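Visitor: I'll drop the sequence and a predicted model, then ask my questions.
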Amino acid sequence: MDIKQTFEKLKSAFTSDKKLAVLCAVGVLGVLLLVISEFRPSDGKKAEKKESVTAAQNQETYAEDIEKRLTEIVSSIDGAGKTRVMVTLDSGAEQVYAKNEKIKSDTSGGTAIEKENFSNEKEYVLIETDGNEGGMIIKLIQPKIRGVAVVCEGGGSDAVRQEITQAITAVLDISASRVYITKMSA
């Protein structure tokens, strides 16, 4: 049986049975929709969810990194002894995106009426990475530090507390009121 005969059999089956023709048309349409959906760009919600999870992880690792570095500094202060440090952050990191700006100003005047039209258009610069499109980040502002708690063996001594407070305020550029130091329980 050649292709022409097969085509003729299918054609006669479709013309004689309308239900079969509609069913086949719906099936072909469904397959086409599935194929087209595979080539469509991925949904922005997935990328947005991934980005927010990454931002939370970055904030957590940022705080952990500061805690680790402060623990090293504070434990090296004479009299501090064994040390534990906790840092709390005020908010998440802030991302500054690149923008194209167009500023237009038009002044028209008469004898008694002066009119000025001003328009400002901003357009974010978009880049594509790994198949996802997003804004081009030009600056990442790390979260501000809300406070630091230090628990150390030498925390009962006023002199040690003063040294630790000065070290932390100098390193993090925060006020002394945001630093709390106490003695570690035995």
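Guide: Yes, it's here.
Visitor: what kind of secondary structure is G81 in?
Guide: Here G81 is recorded as coil under DSSP: H, G, I helix; E, B strand; the rest coil.
Visitor: ok, it - how many residues close by?
Guide: Look at G81: counted by other CB atoms under 10 Å, it has 15 neighbours. Quick note: C-beta positions are derived from backbone N, CA and C, even for glycine.
Visitor: for V160, same thing?
Guide: 21.
Visitor: tell me the SS of the closest residue to T15 other than its chain neighbours?
Guide: Leaving aside its sequence neighbours, T15 sits nearest to A21 (CB to CB, 6 or more residues apart in numbering; 7.7 Å). Three-state call for A21 (three-state DSSP): helix.
Visitor: would you mind measuring from A21 to L10?
Guide: Distance of A21 to L10, computed by CB to CB, to the nearest Å: 10 Å.
Visitor: alpha carbons of the one helix or strand C24 maps to, in PDB - could you do that?
Guide: C24 belongs to helix 18-39 when assigned by DSSP states H and E. Presented in PDB, the C-alpha positions along helix 18-39 are these (Å, rounded to 0.1, in the frame of the first residue of the first chain):
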ATOM      1  CA  LYS A  18     -17.700  13.600  11.400                       C
ATOM      2  CA  LYS A  19     -17.200  12.600  15.000                       C
ATOM      3  CA  LEU A  20     -13.900  11.000  14.100                       C
ATOM      4  CA  ALA A  21     -12.800  14.100  12.200                       C
ATOM      5  CA  VAL A  22     -13.600  16.400  15.100                       C
ATOM      6  CA  LEU A  23     -11.900  14.100  17.600                       C
ATOM      7  CA  CYS A  24      -8.700  13.900  15.500                       C
ATOM      8  CA  ALA A  25      -8.700  17.700  15.000                       C
ATOM      9  CA  VAL A  26      -9.000  18.300  18.700                       C
ATOM     10  CA  GLY A  27      -6.100  15.800  19.300                       C
ATOM     11  CA  VAL A  28      -3.800  17.400  16.800                       C
ATOM     12  CA  LEU A  29      -4.600  20.900  18.200                       C
ATOM     13  CA  GLY A  30      -3.800  19.600  21.800                       C
ATOM     14  CA  VAL A  31      -0.400  18.200  20.600                       C
ATOM     15  CA  LEU A  32       0.400  21.500  18.800                       C
ATOM     16  CA  LEU A  33      -0.400  23.500  22.000                       C
ATOM     17  CA  LEU A  34       1.900  21.300  24.000                       C
ATOM     18  CA  VAL A  35       4.700  21.700  21.500                       C
ATOM     19  CA  ILE A  36       4.300  25.500  21.300                       C
ATOM     20  CA  SER A  37       4.300  25.800  25.100                       C
ATOM     21  CA  GLU A  38       7.700  24.100  25.300                       C
ATOM     22  CA  PHE A  39       9.200  26.800  23.100                       C
END
